[in-house]
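> turn this into a model:
(chains A and B)
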Amino acid sequence: MITREQVKKTYELAMLELPEEQVDEMTEKFQIIYDMAARVDEVDTEGLEDMVSPVTHSCPLRDDVPEASLDREAALINAHDREFGYFRLKSVMLEEEDV
Amino acid sequence: MYKSAASIVEAIKNKETTAEQVTAYYLQKIEENKDLGSFLTVNEKALEEARELDARLLQGEPCGALCGVPVAVKDNVLTEGLRTTCASNALKDFIPPYDATLITRIKEAGGIILGKTNMDEFAMGSSSETSAFQITKNPLDPNLVPGGSSSGSASAVASGEAVVAIGTDTGGSIRQPASYCSLYGYYPSYGTVSRSGVISMANTLDQAGVLANCVADLRRMVNVIGGCDEKDPTSMREASPGLEENPSYSLQGKRIGYPANLDAFPLETEVKESFDKGIRLLEELGAEVVPVEFPTLAYALSVYNIIVATEVSSNMSRFDGIVYGPRVDEYQSNDELYKKTRSAVFGEEVQRRIAMGTLYLGSDDEQRLYKKAMKVRRKLADEYRAFFADYDFVLTPTTNDMPFPIGARKDDPMVMYDSELFTVSVNLCGLCAVSIPMQKGLGGSLQLIAERFNDNELLQAAEQIERSLA
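Take a look at the predicted model:
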């Protein structure tokens, strides 16, 4: 049984806000989806290995040699805020006297 | 109007027309069909790019496989300099700094990118109704949804705004809209097409593919966009998918199985009628079509729901308001920045899927359902493997339902799963499948499924069915 508290905690962990007035509705929707998902419990999987991906070949790695990458200007072009070639955020560190 | 990509290439090769004229024709069609809402962004440079191609052809450049073919592209595929939004406010002004590998290959083959098509937000949905920007209408009946999440790609081809379109498919997002819009839709074996530059939803299931009016165009497109790519280690190791036309291919003597317990699934009448018609047609073509038990198929949707949500939850963590996309102005900590921004830019469906994935991955019950789902996925794949030892193809309806009225199922959290009943197992097991419309206009479609990397025979069989339906 999915509880309101579980839903609220899950949104918190997922870095999402869930307004209090939507918690009941979302709990109901979670329950519907969870009940469908939990049907996997009916299947006997004794002795079976996990299947993570359909890929069966070993994924090759290239040699560890530095190569030219995306130009810094191009990489920053979609940033909301930037300065001196870096992403910029508001200061979120506490000042020493506030600690 | 051009019937196929091949007819455009031939016409340009024979100097009956130019890439510029063809592109202008389709841009005009897009303008005339604006109300359908197929496109989010039209490529303003398309005509200029077509003119440049014409100039190169005049100088003796050979015609590529997509010479002058205008291609519509789902808006989750990166196109350098051309806005790519995933139909989300999280990327509403995002300009990719590079092309996806498949776009590079289309361009190298002479294709012209017409524009970016509407979709469900981050490909989560099956109707376009979760798009942050617009709802796409079904060209066969504008009161109905076109399916999704490759909604605009389907409506663009069905309305004649494009001759072919790129879609992506995580659980049926090419095949379901192809069925709803009476088109051919192809999900190649996982790994056939590089995922480099395709914005990830669920890495182990996502695959780009094609929507078109004929099987020949599916083949032509995937021969261009497919093959090994060093930027995607999960891509196939062969340089090309090597798909070949075979007019003498025959379904005579082929063994085709369909789920024996089909009546246990909720099939709408038109879908059932089309499916029965398909079985009769295959039998007339000499195939042996028999019911086969697939006991684990009934659990495929449950497995899919868990795997998709967990992979979505992980993939979507990159949208934090720092590297790209909008950001809220008021925040006191990084956590607050993330929470406020993500909650402001994601729609409800996307947020719910991220949260569900977080729940499945949570440590409270040691990820019990996620671990169980990976084992059931293995069981399903084993069942298919055993089946293909004795049979050539699986046959199912593509969807169990017909396109529904816009708005009718908007608040139903199961809507995006229900219509993918028969398609998700293909993605889970890395198989290949094609959706084949059984009539022109609204109606059911057949889904023909083949073993992993047996794409060549899959398309040859589909083409024989297509010829028989003509």
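> can we go C-alpha only for contacts and neighbour counts from here?
Will do.
> report the central residue of chain A.
By Cα atoms, centre = their mean, chain A has its centre lying nearest to residue A:14, at 6.5 Å.
> list the contacts for that residue?
Counting by Cα atoms under 8 Å, 6 or more residues apart in numbering or on different chains, residue A:14 touches B:313, B:354-355, B:358.
> could you redo the residues you listed as a markdown table and give each row secondary structure and pLDDT?
Formatted as a markdown table, these follow (DSSP: H, G, I helix; E, B strand; the rest coil; pLDDT from 0 to 100):
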| residue | secondary structure | pLDDT |
| --- | --- | --- |
| B:313 | helix | 96 |
| B:354 | helix | 97 |
| B:355 | helix | 96 |
| B:358 | helix | 96 |
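> out of the residues you listed, who's nearest residue B:207?
Of all these, the one with the least separation from residue B:207 (Cα to Cα) is residue B:313, at 18.3 Å.
> what's the local residue count around the closest one?
26 (other Cα atoms under 10 Å in any protein chain shown).
> got it, and residue B:392?
20.
> thought it was touching residue B:253?
No. Between residue B:392 and residue B:253 there is no contact under Cα atoms under 8 Å: 9.8 Å.
> pull out the buried members of the contacts of residue A:14.
For those, a burial check counting by 16 or more other Cα atoms under 10 Å in any protein chain shown picks out B:313, B:354-355, B:358.
> ok, and for the host helix or strand of residue B:339, which residues are buried?
Residue B:339 belongs to helix B:334-345 when elements are defined using DSSP states H and E. Neighbour-count burial for helix B:334-345, counted by 16+ other Cα under 10 Å, picks out B:336-345.
> is that helix in proximity to chain A?
Yes. Helix B:334-345 is in contact with chain A by Cα under 8 Å from any Cα of the partner chain, via B:334-335, B:338-340, B:342-343.
> which strands and helices sit next to that helix?
In terms of contacts (3 or more Cα pairs under 8 Å, 6 or more residues apart in numbering or on different chains; DSSP states H and E), helix B:334-345 is packed against no helix or strand at all.
> low-confidence stretches in the stretch 51-200 of chain B?
Residue ranges of the stretch 51-200 of chain B with pLDDT under 70: none are present.
> helices along chain A, start to end?
A:4-13, A:23-37, A:72-76 (DSSP state H).
> which other residues reach the shortest one?
This means helix A:72-76. A:82, A:85-87, B:97, B:323.
> which of these has the weakest pLDDT?
Minimum pLDDT for the contacts of helix A:72-76 is recorded at residue B:323 (86).
> pretty sure residue B:215 contacts residue B:461?
No. Residue B:215 lies out of contact with residue B:461 (Cα under 8 Å); the separation is 9.8 Å.
> compare neighbour counts for those two and give me the winner.
residue B:215 (28 against 22).
> contacting residues around the more buried one?
B:184, B:459, B:462-463, B:466.
> and if we set it to 10 Å?
B:4, B:183-186, B:245, B:434-436, B:459-467 (Cα atoms under 10 Å, 6 or more residues apart in numbering or on different chains).
> go on, residue A:57?
B:233-237.
> what about the helices in the stretch 301-450 of chain B?
Assigned by DSSP state H, counting those that start in this stretch, the stretch 301-450 of chain B shows helices spanning B:334-345, B:348-361, B:368-388, B:415-418, B:424-429.
> would you mind finding the most buried of those?
Ranked by mean neighbour count under mean count of other Cα atoms under 10 Å in any protein chain shown, these are led by helix B:424-429, which reaches a mean of 26.
> distance from the chain centre to it, please.
Relative to its chain's centre, helix B:424-429 lies at 13 Å (Cα atoms, centre = their mean, to the nearest Å).
> quick one: mean pLDDT for that helix?
98.
> restricting to C-alpha, output that helix in PDB.
Below are the C-alpha coordinates for helix B:424-429, written out as PDB (Å, rounded to 0.1, in the frame of the first residue of the first chain):
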ATOM      1  CA  VAL B 424       7.000  -3.100 -25.200                       C
ATOM      2  CA  SER B 425       8.300  -6.700 -25.200                       C
ATOM      3  CA  VAL B 426      10.200  -6.000 -28.500                       C
ATOM      4  CA  ASN B 427      12.100  -3.200 -26.800                       C
ATOM      5  CA  LEU B 428      12.700  -5.200 -23.600                       C
ATOM      6  CA  CYS B 429      14.300  -8.100 -25.600                       C
END
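> mind giving me the packing neighbours of it?
Helix B:424-429 sits against helix B:300-315, helix B:368-388, strand B:432-437, with contacts defined as 3 or more Cα pairs under 10 Å, 6 or more residues apart in numbering or on different chains; DSSP states H and E.
> show me what contacts residue 91?
I'll assume chain A. Contacts of residue A:91 (Cα under 10 Å, 6+ apart): B:331-334.
> switch to chain B, please.
Going by Cα under 10 Å, 6+ apart, the list of residues near residue B:91 reads A:78, B:83-85, B:122, B:319, B:321, B:324-326, B:345-346.
> swap in residue B:79?
B:43, B:73, B:95-104, B:113, B:115-116, B:197-198.
> how about residue B:276?
Counted by Cα under 10 Å, 6+ apart, residue B:276 has contacts B:270, B:282, B:397, B:446.
> circling back: distance to residue B:404 added to the buried residues of helix B:334-345, as CSV?
Shown next, in CSV, are the buried residues of helix B:334-345 (distance: Cα to Cα, whole Å):
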residue, distance to residue B:404
B:336, 39
B:337, 39
B:338, 36
B:339, 34
B:340, 34
B:341, 33
B:342, 30
B:343, 29
B:344, 29
B:345, 27
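> in a markdown table: those residues, plus distance to residue B:59 and pLDDT.
Output for the buried residues of helix B:334-345, formatted as a markdown table (distance: Cα to Cα, whole Å; pLDDT from 0 to 100):
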| residue | distance to residue B:59 | pLDDT |
| --- | --- | --- |
| B:336 | 58 | 93 |
| B:337 | 55 | 93 |
| B:338 | 53 | 94 |
| B:339 | 56 | 95 |
| B:340 | 55 | 96 |
| B:341 | 51 | 96 |
| B:342 | 51 | 96 |
| B:343 | 53 | 96 |
| B:344 | 52 | 96 |
| B:345 | 48 | 96 |
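> hang on, the earlier thing: narrow the contacts of residue A:57 to those that are buried.
Counted by 16+ other Cα under 10 Å, the contacts of residue A:57 give B:233-237 as buried.
> and of those residues, the nearest to chain A?
For the buried ones among the contacts of residue A:57, the minimum distance to chain A (Cα to the nearest Cα) is 5.0 Å, reached by residue B:233.
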